[in-house]
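Here's a sequence, model it:
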Amino acid sequence: MLDQPTLFPRDKTQPNVRLAIPVERNGSDEIASNETSFDAAANGAASAFGFNYGAGSLTRPSIAGVQAEREQERIMARAARQSSLEHYNVKIGPIPFRFGAGVEFQFSDNVDLSKTNKLADLSVVPHVDMYGGIRLSPNNTLSIQLGIGYIWNLNRPELDRVLTNASVGLDSDSGISFDIKVGGFRINIHERPAIPRQQFDLITQRNALQYSQFTNMAGVTIFWDVNSRLNATLQYDHLNVISLRSEVENLDQSSELLSASATYQVNDAISIGIQTSASLINYKRKFLNESKNYDAGLTFAARASHNVILRIIAGYQLGDFGSGGSIGDATDLRDWYFRISVTHSINRYLNHSMSFGHESQVGTASNSTEVDYFRHQVNVPLLRTLGLGTIFSIDSAKESGGTFAQDFKLFQVGVFWHWTFSKKASLLFSYRFVRRDASLKEDSSDDSLDYIENRFDLGIQVSL
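Next up, the predicted model:
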């Protein structure tokens, strides 16, 4: 890896940060620092299709917490991005920045996700992205990442809004991050403001207005390399969710999130671990019930062969919910969770990943939502800069109860194609077909949420 810009000479005795344990991303296990441009595009497409169960989302902290794994992934991604700052294009004071820009065109034949009154719409999303970072000392690194854009809709102007994380090339690490190394401890202090563009993984969403939220997550993560085989992680975050439209103020919340994990490297091919998390969720309005959520489980990862990685997570989760919410749900949560994922690199031109599992998530119209899911993704990197892929998923979800509770089945299939046609420019195209079947519970007063949607995306990204 190239030396990153620094105010101080690099300590040659300090190794580059690289985690030996495979880190899961969107249902597949991979080492982020080895990503090609097509790998990044494939992961971006997978995120857009909602291949992130087990990780939760900002508005629905996962009860089966894997926050520590996501933080490890972010650290590796930052390390990979910092190496690219050797070729920065703007320098503000001592901090080098790489800037990029692009525009995305998106067409949906059912933008309102409606069963009957379907409305087609075209949206245009121009955006500017930047990433900057500097080593303030041999042990301290400051990182700044931001993507900002604007989504303009032809037929639904009420959905127009400013966006952060606007580019499919940016991950959820937008914001400010400060890394400190003290002995065997790595401490990360972060703040991540965001306006989510879409939440395709939200199988229970009622309408597109649920995208109109501002979120801010601030916290600290501590990594401890106990010895060459054992490492531990402790993470705390405070989350605020603020609606940008009055129609979705029921989801405004303030949450405290705490997680801890430990992983032991048995040998070069196998690791085992434990993980636990807790969250306290307080809503601003009396629509949803406040809750205290806990989980604990075991992890197992194995490199079955040079080309196959297996990962298993399993445990138990509890949720204690308050009362008084207008959803009318008095159900507490007692459930198990598991996730099994396999990644197989068949050859240099073909790899695929599969994952399936069961978990419960904090609900948006009930106390909790029980989800069973299956994911499969195929990546075909024809060249280092050219590739295509397919994505397939099936979800079955049950809302725990109350006035609006429904059962859902969601089917998705899609294709994506990525081409880096110059050193500074790339093109991404994707198509997604979605069908959701919803059935009302006996005591539900909600409308049926069945819908079918076809969505096309075309994006151009340029590094300035």
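
going on from the one helix or strand Y373 maps to, what's the next piece of helix or strand?
Using DSSP states H and E, Y373 falls within strand 368-383. Note on strand 368-383: by DSSP H and E, the next helix or strand toward the C-terminus is strand 386-399.

Tell me the buried residues in that following strand?
386-389, 391, 393, 395-399 (16 or more other CB atoms under 10 Å). No exception for glycine: its C-beta is placed from N, CA and C like everyone else's.

Then stretch 235-246?
Applying 16+ other CB under 10 Å to stretch 235-246 flags 235, 237, 239-241, 243 as buried.

For S114, see how far away the spatially closest residue to K115 that is not a sequence neighbour is.
The shortest distance from K115 to any non-neighbouring residue, by CB to CB, 6 or more residues apart in numbering, is to D450 (4.5 Å). Using CB to CB, to the nearest Å, D450 is found at 9 Å from S114.

would you list every one of the strands in the stretch 351-464 of the chain?
368-383, 386-399, 406-422, 425-440, 451-463 (DSSP state E, counting those that start in this stretch).

so for the last one, what's the average pLDDT?
Translated: strand 451-463. What strand 451-463 shows for mean pLDDT is 92.

contacting residues around the residue nearest to K115?
115, 436-438 (CB atoms under 8 Å, 6 or more residues apart in numbering).

Emit the PyMOL select command for whichever of those residues are buried.
Of the contacts of D450, the buried ones go into a single PyMOL selection, burial set by 16+ other CB under 10 Å:
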select buried, resi 436+438
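
So Y373 sits against K409, correct?
No - using CB atoms under 8 Å, Y373 is not in contact with K409, being 11.0 Å away.

intersection of neighbour lists for these two?
In terms of CB under 8 Å, 6+ apart, Y373 and K409 are both contacted by the residues 394-396.

of all those, which comes closest to A101?
Closest to A101 out of the shared contacts of Y373 and K409 is D395 (34.8 Å), distances taken as CB to CB.

Tell me who's in contact with the closest one.
203, 371-374, 408-410.

With distance to I313 added, can I get those in CSV?
CSV is the format used below for the contacts of D395 (distance: CB to CB, whole Å):
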residue, distance to I313
I203, 20
V371, 15
D372, 15
Y373, 13
F374, 16
F408, 23
K409, 24
L410, 22
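
how about these, which pair is most distant?
F374 and F408 (14.5 Å).

quick one, which of these two is more surrounded?
F408 (19 against 14; other CB atoms under 10 Å).

right, and the more buried one touches A397 too?
Yes - between F408 and A397 there is a contact at 4.4 Å, judged by CB under 8 Å.

Can you work out which residues contact both of these two?
In contact with both F408 and A397: 203-204, using CB under 8 Å, 6+ apart.

what about the host helix or strand of W224, average pLDDT?
W224 belongs to strand 213-225 when elements are defined using DSSP H and E. Throughout strand 213-225, pLDDT has a mean value of 90.

Please, where are all the helices along this structure?
37-48, 67-84 (DSSP state H).

Confidence-wise, which of those is weakest overall?
helix 37-48 has the lowest average pLDDT among these, namely a mean of 56.

count of neighbours near the closest residue to G319 other than its chain neighbours?
Excluding the flanking residues, the one nearest G319 by CB to CB, 6+ apart is L333, at 3.2 Å. By other CB under 10 Å, 23 other residues sit near L333.

Likewise for I346?
Neighbour tally, I346, other CB under 10 Å: 11.

which residues touch it?
Per CB under 8 Å, 6+ apart, neighbours of I346: 307, 352.

Hmm, K181 is touching S137, no?
No - in this structure, K181 is not within contact of S137 by CB under 8 Å, at 9.2 Å.

So for the two, which sits in the more crowded spot?
K181 (17 against 12).

Need the phi and psi values for the residue nearest to the more buried one when sequence neighbours are not counted.
Among residues not flanking K181 along the chain, N139 sits closest, at 3.9 Å (CB to CB, 6+ apart). When read as degrees, to the nearest 10, the backbone of N139 gives phi -120, psi 0.

Roughly how far does N139 sit from G100?
29 Å.

okay, the two: which has more neighbours?
Taking other CB under 10 Å, N139 and G100 do not tie; G100 has more neighbours (21 against 16).

Count the residues that sit near N347.
7.

now it: how far from V380?
Taking CB to CB, one finds N347 at 10 Å from V380.

what's the answer for G322, then?
Applying CB to CB, the value for G322 to V380 is 49 Å.
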